[in-house]
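Novice: Sharing a sequence plus its predicted fold:
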Amino acid sequence: MNFNSRTFLAFLHDIAASALAWVGAFWLYHNLTLPTTYLSSALTALIWVVPLQALIFWRFGLYRPIWRFASLPDLKRILQATAVATMATPLVVVLFDMQASVPRAVLVLDPLLLLMIMGGSRVLYRAAKERHLASPRHLDSKPVLVAGAGSAADFLLRELARNPAGYRVVGLLDDNPNKAGRQIQGVNVLGTLAELTAWARRLEVSDVIIALPSAHHGVRKRLAETCAAAGLNLMTVPSLDDLMQGRVSIAKLRPIELDDLLGRDLVSLDDQGLATLLTGRVALVTGAGGSIGAELCRQIARFQPSLLILLENSELALYEMEQQFQERHSEQAILCVVGDVRDPFRMQEIMAAHRPSVVFHAAAYKHVPLMERENALQALKNNVLGTAVVARAAIANGAEKFVLISTDKAVNPTNVMGASKRLAEMVCQRLQDEGKTRFISVRFGNVLGSSGSAIPKFAEQIATGGPVTVTHPEITRYFMSLQEAAQLVLQAGLMGLGGEILVLDMGEPVKIAELAKLMIKLAGKTEEEISIVYTGLRPGEKLYEELLADAETTLPTPHPNLRVAKARKVDAAVVEDILAWVSQIDCAGDQEVRDQLRRWLSEYRPADDTSRDVVVPFGRPSRGQTQDNDLEGDNRTLGHVRPRIPG
């Protein structure tokens, strides 16, 4: 134990408490008087009792805890020390033959007084530090209501008592009927969440704090809409994951964000299995500076690989990741390497030097309209050829697993980007037979707040006063949080046996127009102030995305959020034809690329192809249509004539 001045003062306090309790026990025994004879007996015994009790207190570690944070475990330790002292004190009395001068009642009263003095002083000290005594309500602070009356609310009230941050909680709201009329930290539970607006008006409150870090996103969404309609400012406490990781305190309030409303329940991960896959081993992430790649790196770091290799073509993005790891994950060994995934010599050099056990291939060109015009060939070279180059380097250097980050746009692609990712999946399926490396492709939809997505653009448009531009009033997309997507990619990498296409459960699709309206409300604006303008579908864009995540087109896995797509077998000759063309061609117009994609993928239907089938939402066939969508031996589900790969 580090013996400093505060430890010494605490030790002196308990010595004084021991002496006071011993003399006080005599005083109580003699009806609040202390005759001279008994005072002499008390002081004689005191010479032996106090050192004994002080030694016991020290041995029980009563001076390690900080008094300001005194809690139940500290009181439990005091109780245990007092119990041992209660048994040891009579031994001293007998040993020094003081039975006649020390009444038995004193031996009972002494530990009770000792417990009250030692425990009470610590509680009073903490209360004083938290200003419960001096300013129990912080009347000069801003009144707020708290939605939630559970553990998070209790922690929040304690934190705000220590650091008020300008807020004073005037009431709690909770849907649990058993909590109505009760109190937490002296604050009343006023009613249910549905009564929020009424209580805000009655108490003249303009700020609400959500203390429901693990609540379903639907609850948070309802609260956000209620507060927006009533003109209330809504804040939230950090997520449970952030709290458990110690990244923030519960009093680190922040405005409610889209992630809080569209996010989903926490992902259940096989931490033991992931530790076997990653802990103490070398992991490589391509595209480490992108949204998904960066989050994958952060999630992988939790499992402490011996080396985490961050491969990125953008010098600035790689520098930012390096700085982030130095600040937040300084204990993790990382290697930041600049490289182009299309460069076979660089990929071979990196993997031969470090021999990663698992490779997560997140590097890709993903922006649909940009890849559709003037950049179609580059999309193929980066997404298809780049995948083949990295994959073959992984095989050559003994990587156990290769995880390709794919997309929902690879399903019945209507754009070059989606078609290129489907070809990348086919490359991985083909290479599965070339070595011992196991290839797993993971499909999912849009990630909240990822670079190039609509959400940052909407936020910027709202900040500048609008209008918010949406392509079509009926356009829908699947969304998941960045953290959830990365965690499920790790889980898919663990579960994959080789050659599968795993599909993430993206939940319910969201209308982009509704998303824009919600963001306008969260910004405290109305649709009269910030208008929504519909600009029309962009090149290659679908109204609806398809994931193949239903029971007819996928098979279940042990994880509830992952399913295996029933993908057709890939013709090796076709894949080699694809790779030969992409690697040899140096110049090709967008139309030539689209013509080649039609030859390789009969399910590919460019957006400007008037002969294409009608795109049916969520993979359901329209009347008179059959669907295939990469299925083998099943023409019942998706909406195009069964494709035949030329061989």
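Specialist: Okay, I see it. Here the structure is a predicted model, which is why all the values come from computation and not from measurement.

Novice: Could you find the closest non-adjacent residue to Ala364?
Specialist: Spatially, and ignoring its direct neighbours in sequence, Ala364 is nearest to Asn383 (5.1 Å; CB to CB, 6 or more residues apart in numbering). Quick note: C-beta positions are derived from backbone N, CA and C, even for glycine.

Novice: So what's the residue count around that neighbour?
Specialist: Residues near Asn383, counting by other CB atoms under 10 Å, number 30.

Novice: let's have the chain start at 58 instead
Specialist: Fine by me, first position is 58 from now on; the one you just mentioned is Asn440.

Novice: any idea how far it lies from Ala419?
Specialist: Applying CB to CB, to the nearest Å, the value for Asn440 to Ala419 is 11 Å.

Novice: next one: Lys278
Specialist: Using CB to CB, one obtains 30 Å as the distance from Lys278 to Ala419.

Novice: Look at the two and report which has more neighbours.
Specialist: Ala419 (25 against 16).

Novice: Quick check: the more buried one vs Arg495, distance?
Specialist: 18 Å.

Novice: Ok, Asn245 next?
Specialist: Counting by CB to CB, the gap from Asn245 to Arg495 is 58 Å.

Novice: Low-confidence regions, the stretch 308-457 of the chain specifically.
Specialist: 308-326 (pLDDT under 70).

Novice: the helices in it, which residues?
Specialist: Here the stretch 308-457 of the chain has its helices, by DSSP state H, counting those that start in this stretch, at 315-319, 328-335, 348-358, 372-385, 401-411, 425-429, 433-437, 443-453.

Novice: Could you tell me how far the nearest residue to Ala332 once chain neighbours are set aside is located from Gly337?
Specialist: Distances taken as CB to CB, 6+ apart place Phe360 nearest to Ala332, at 5.5 Å, with adjacent residues excluded. Distance, Phe360 to Gly337, using CB to CB: 9 Å.

Novice: neighbour count winner among these two?
Specialist: The residue with more neighbours, out of Phe360 and Gly337, is Phe360; 20 against 12, by other CB under 10 Å.

Novice: how far away is that one from Asn290?
Specialist: 39 Å.

Novice: try Leu66
Specialist: To Asn290, Leu66 is 44 Å away according to CB to CB.

Novice: More neighbours: which of those two?
Specialist: Counting neighbours by other CB under 10 Å for Leu66 and for Asn290 shows that Asn290 has the greater number, 15 against 11.

Novice: Is the residue nearest to that one when sequence neighbours are not counted bridged to anything, and to what?
Specialist: Setting aside the residues directly before and after it, Asn290 is nearest to Asp264 in space (CB to CB, 6+ apart), at 4.8 Å. In this entry, Asp264 is beta-bridged to Val201, Asn290, by DSSP bridges.

Novice: What about Asp264, how many residues nearby?
Specialist: Neighbour tally, Asp264, other CB under 10 Å: 18.

Novice: ok, now the one 4 residues further on?
Specialist: Using other CB under 10 Å, Ala268 has 26 neighbouring residues.

Novice: how near is the closest residue to Leu364 other than its chain neighbours to Ala287?
Specialist: What sits nearest to Leu364 in space, not counting adjacent residues and going by CB to CB, 6+ apart, is Val339, at 4.7 Å. Applying CB to CB, the value for Val339 to Ala287 is 54 Å.

Novice: mind giving me the domain ranges of the protein?
Specialist: Using automatic domain parsing, the domain ranges for the chain come out as 62-186, 199-313, 328-676.

Novice: winner for burial among those?
Specialist: With neighbours defined as mean count of other CB atoms under 10 Å, the domains of the chain peak in mean count at domain 328-676, which reaches a mean of 19.

Novice: Now do it: distance to the chain's middle.
Specialist: How far domain 328-676 lies from its chain's middle: 20 Å, per CA atoms, centre = their mean, to the nearest Å.

Novice: Turn the helices of the stretch 308-457 of the chain into TSV, columns for distance to Ile519.
Specialist: As requested, the helices of the stretch 308-457 of the chain are exported to TSV (distance: least, CB to CB, whole Å):
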stretch	distance to Ile519
helix 315-319	12
helix 328-335	38
helix 348-358	21
helix 372-385	25
helix 401-411	42
helix 425-429	22
helix 433-437	31
helix 443-453	36
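
Novice: out of those helices, which comes closest to Val201?
Specialist: Of all the helices of the stretch 308-457 of the chain, helix 315-319 sits nearest to Val201, with 17.4 Å by CB to CB.

Novice: Would you mind giving me the confidence score for the residue nearest to Asn290?
Specialist: Note on Asp264: pLDDT of 86.

Novice: How about Gln684?
Specialist: According to the prediction, Gln684 has pLDDT 33.

Novice: Check the one 5 residues further on too.
Specialist: pLDDT recorded at Glu689 is 32.

Novice: now Ala74
Specialist: For Ala74, the model assigns a pLDDT of 85.

Novice: How is it assigned, secondary-structure-wise?
Specialist: Three-state assignment for Ala74 (DSSP: H, G, I helix; E, B strand; the rest coil): helix.

Novice: How much space separates it from Tyr182?
Specialist: Per CB to CB, Ala74 is found 13 Å from Tyr182.

Novice: now do Glu482
Specialist: Going from Glu482 to Tyr182 by CB to CB gives 63 Å.

Novice: Now the residue nearest the centre of the chain. Nearest residue, chain neighbours left out?
Specialist: Central residue of the chain (CA atoms, centre = their mean): Gln540, 5.0 Å from the mean position. Sequence neighbours aside, Glu352 is the residue nearest to Gln540 in space, at 6.4 Å (criterion: CB to CB, 6+ apart).
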